[in-house]
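I'll drop the sequence and a predicted model, then ask my questions.
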Amino acid sequence: MFTLLNNLSISFLSTFFSLTLIIILQQLTNSKNEVEDLFREEEKKMRENNKYKVNKKNRKKILVEIYEINKKLRIKIFIFILIEFSIMLFFYYFVTAFCEVYKKPKLVGL
């Protein structure tokens, strides 16, 4: 009974941490909603007022906002790459240590 409960708790914790990590990494690489919201806002203005036109001032404002979103995305992607690289280094160390501990036994007399 103890083994079953222990394995279940380990499985649940592992799943929880994996899903949390996946969600965090997805948020770091996704800025689609921000850009969509920006254009939906302009589209909403156009639908409410048929005479609404996007003038140069509004275009410049939209371009500045897109530039800001792009800048944030670059920072997020840099953080994503750092996290991914650290995870890869950790697993490389883990596999190397595992292989060092459990070496293939040498056959004697061959």
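That came in fine, so what should we check first? Note that the coordinates shown come from a computational prediction; the quantities given were computed from them, not determined experimentally.

what about Ile24, distance to Phe80?
Per C-beta to C-beta, to the nearest Å, Ile24 is found 9 Å from Phe80. (Glycine included, C-beta is placed from N, CA and C.)

more neighbours, those two?
Higher neighbour count among Ile24 and Phe80: Phe80, with 17 against 12, using other C-beta atoms under 10 Å.

Which helix or strand in the protein has the lowest average pLDDT?
helix 32-48 (a mean of 88; mean pLDDT, DSSP states H and E).

what packs against whatever helix or strand comes next after it?
As assigned by DSSP states H and E, the chain's next helix or strand after helix 32-48 is helix 56-101. On a contact count with 3 or more C-beta pairs under 8 Å, 6 or more residues apart in numbering; DSSP states H and E, helix 56-101 meets helix 2-29, helix 32-48.

which residues touch stretch 11-28?
76-77, 79-80, 83-84 (C-beta atoms under 8 Å, 6 or more residues apart in numbering).

That one: which residues count as buried?
Leu28 (16 or more other C-beta atoms under 10 Å).

swap in stretch 53-73?
69, 73.

mind checking how far stretch 81-95 is from the chain centre?
Chain-centre distance of stretch 81-95: 15 Å, with C-alpha atoms, centre = their mean, to the nearest Å.

Read off the pLDDT value for the spatially most central residue of the chain.
Most central in the chain under C-alpha atoms, centre = their mean is Leu25, positioned 1.8 Å from the mean C-alpha point. Note for Leu25: predicted pLDDT of 87.

Thanks again, I'm all set now.
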